[in-house]
Each structure stands twice: as C-alpha cells, then as structure tokens.
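Colleague: Give me coordinates for this.
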Amino acid sequence: MKWRPVMCLEAGLAEKWALLVWEDIKVPSCAYCNRDANNDSGLCEHHEFALFQVTEILTEFMKSNNPPEWLLAGIRELGWIFQHHPRTAAFINVAIEVADRFVIERVNSLHINDVRELNYTRLPQGLIISVLEEAYIVKKDGDLLFPGPLTRRLINVRDLGYPLNSPEQREKALEYQGILAVSLLRSMLRHEFRELGEVEEGMFVPQGALAIMTLLAIHALSSGEKLEVEVSDLTWDAAFRSIPTRQEKKMRRIMAGLLDGVTKMIHNINYNNRPELKDSVLEYLQNLRGRFRERQRIRPRT
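Modeller: This next block holds a predicted model:
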C-alpha cells in the first residue's frame, strides 16, 4: 500500500484554498524487494535488469553458434555464483555430474539411479531433475536422462578438440560453468514464480546468486554514460540487503579470490575497501544495459 498527495477543492472554497489530502492507492511491490514494481513485470527496475541478464545470456547462447565475445567474457565470470551455498549445492552438484558424463565421458544416456549426487541430498529427486530439465541440462524419458539442448551445445564445444589443459579449453570450461549457473538460476526462479509466491517444498529463491546479478544491475543502472569501475557502498548494500552478513562476507572473499587465487568479476579491492570491476565485466554490462534500455523504450506503456 502506498500513499500520494492529491489536490481536493472543498465546495464553496476558492481555488487558492484547495486542500492537500491523501489518497490511498495500491502500488505493487517488487517480488524480490520492497521497491515499487512495474505493473507489467511485477519487478522493480533493478530486478528487471537482473533477470534480463539471465534471459539475454541464455537466448544469445542458445540461438547463436558464435555469441559475441563480450557476452562470453561476462559468462566466464558467473560460474561461481552457487559456490559454497549448502542450500543450492544439490542442484549444482547434480548438474555438473550429468553434464560432465555427457560432455567429457560422452555417454549417450544415464539411468537416473546412476547419478550419484542424487544420493547425497534430502531434496526430492524429482524436484532436482525437473529443475535441471527446465534449465535445458537434461531431458528425461522414463528413468533415463539424455542431454538437454544446453548440454548438446556444450558437447559441440568439446568436439572442437582442444586439450583439457589448453588456454582455449580453460576459457570454454569457464563458459560451461557460467552458463550452467545462469541456466540453473533461471530455472529455480521460474519454479518459485510458478507457485505464485508459495515456495515449493524444498524450493526457495536462490538469494545469493540473485544478489550477484542484482549487484551488476544496480551498478549499471546507477552509473552515467560511462560505467564506473568502483562499486559504491550504496550499490553493494542494496544488492545484498536480503543476504545474511556471514554469507555476504563469504561471497566477497570468493570474489576477491581468497579461496582459490582467482578473482571473480573484480580485479581489485581498493584502499577504500570497494571492489573494482574487471574491464570485461564493464563491457558486458555496457552492452546489456544498452539492450535493456532499448527494450524499455519500445515496451508499451501501461
């Protein structure tokens, strides 16, 4: 519920005596925060752009045999967004196992009982497989799993014949991890929305992964024509406001490369304790922000 001032003339009073009163109106709130939502999307602008990134990445990757390099560079920075999150571990572990069996071992099909990671979670087996199927990772036929459209694309990349330790294959591996993570995020969010706000048993909004996409969205939308390198405290706090402090600090350490020596999305944390984005991430955001604003311009107004 929101309030807005309106002018109201009382009978018999001159216009200059118009009284300021309050009109009770309903303004929808964003599905993921308390900011005002756009009527047609149910999301605020920040989360609209966060989810626009997800959709645009998958659309571009699936439809194009040669996605633009700026997009691939952005995807390479996103494969970590589910790392060290116990509640999402089952989905990403199963996704990686089945994709590796299809892509690396080149098996044609898998019996569902042969997917070992399904034995190490309390989440319903059917729920995990349905999320992976909607993420284009697998296609289920009875008790057999086959490569989904996304996995078939990854098989085609593997067939290029790069040695596993080559720089080219390392780039492809990072793209592979990134596109799996983005596709899983989309699928989890679609499952949550399908229940019209009622979270399915064992399901939830993957807040950590969504916070990363929101961080990028807020930074891009709050920057001028040229994107700022430094992420402001205000932007960081707004993106992670729904995240427990312990989880937020852990994600910051992962971004800084303190766990594996490889930074994610950022190239430095400066003396003001603020992250500085990589040039490749800035180019990725610059291009997607342009596409997002173009969509806003042509979208019918309600």
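Colleague: Now do the strands in the protein.
Modeller: Applying DSSP state E to the chain gives strands spanning 2-8, 19-25, 110-111, 138-141, 144-147, 266-269, 275-277.
Colleague: quick one: low-confidence parts of the stretch 151-300 of the chain?
Modeller: 159, 191-204, 299-300 (pLDDT under 70).
Colleague: please redo it, this time with the cut-off set to 50
Modeller: Across the stretch 151-300 of the chain, the ranges flagged by pLDDT under 50 are 193-202.
Colleague: need the helices for it, in chain order.
Modeller: Using DSSP state H, counting those that start in this stretch, the helices of the stretch 151-300 of the chain run over 167-194, 207-222, 233-239, 245-255, 279-298.
Colleague: What is the burial count for the residue nearest to Ile104 when sequence neighbours are not counted?
Modeller: Once flanking residues are discounted, Ile104 sits nearest to Arg158: 7.2 Å by Cβ to Cβ, 6 or more residues apart in numbering. Heads up, the C-betas are built off the backbone N, CA and C, glycines and all. Residues near Arg158, counting by other Cβ atoms under 10 Å, number 17.
Colleague: Hmm, Arg158 is touching Glu105, no?
Modeller: No - the pair Arg158 / Glu105 is not scored as a contact, 10.6 Å apart, by Cβ atoms under 8 Å.
Colleague: how about Ala90, what does it touch?
Modeller: Glu117, Tyr120, Thr121, Leu123, Ile128 (Cβ atoms under 8 Å, 6 or more residues apart in numbering).
Colleague: Let's see if you can find the most crowded of these.
Modeller: Ile128 (20 neighbours).
Colleague: so what's it closest to, chain neighbours aside?
Modeller: Per Cβ to Cβ, 6+ apart, closest to Ile128 is Val94, 5.5 Å.
Colleague: From Leu72, how far off is Val49?
Modeller: Not quite, residue 49 is Phe, not Val. Applying Cβ to Cβ, to the nearest Å, the value for Phe49 to Leu72 is 20 Å.
Colleague: Looking at the two, which is more packed in?
Modeller: Phe49 (25 against 21).
Colleague: Please report the distance of that one from Tyr32.
Modeller: For Phe49, the distance to Tyr32 equals 12 Å [Cβ to Cβ].
Colleague: Could you do Glu171 as well?
Modeller: 32 Å.
Colleague: okay, these two: which has more neighbours?
Modeller: More crowded of Glu171 and Tyr32, by other Cβ under 10 Å: Tyr32, with 22 against 14.
Colleague: Now do that one, the pLDDT please.
Modeller: Here, the pLDDT recorded for Tyr32 equals 85.
Colleague: How about the backbone phi and psi for it?
Modeller: Here is the backbone geometry of Tyr32 (degrees, to the nearest 10): phi -120, psi -10.
Colleague: 23 is where my numbering starts, stick with that
Modeller: Sure, I'll start numbering at 23, so the last one becomes Tyr54.
Colleague: Identify the residues contacting it.
Modeller: With contact set as Cβ under 8 Å, 6+ apart, Tyr54 has these partners: Leu65, Cys66, His69, Val227, Leu232, Thr236, Ser264.
Colleague: Make JSON lines from these and add distance to Pro297 and neighbour count to it.
Modeller: Converted to JSON lines, the contacts of Tyr54 look like this (distance: Cβ to Cβ, whole Å; neighbours: other Cβ atoms under 10 Å):
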{"residue": "Leu65", "distance to Pro297": "25", "neighbour count": "21"}
{"residue": "Cys66", "distance to Pro297": "23", "neighbour count": "22"}
{"residue": "His69", "distance to Pro297": "21", "neighbour count": "23"}
{"residue": "Val227", "distance to Pro297": "24", "neighbour count": "16"}
{"residue": "Leu232", "distance to Pro297": "18", "neighbour count": "22"}
{"residue": "Thr236", "distance to Pro297": "14", "neighbour count": "26"}
{"residue": "Ser264", "distance to Pro297": "19", "neighbour count": "14"}
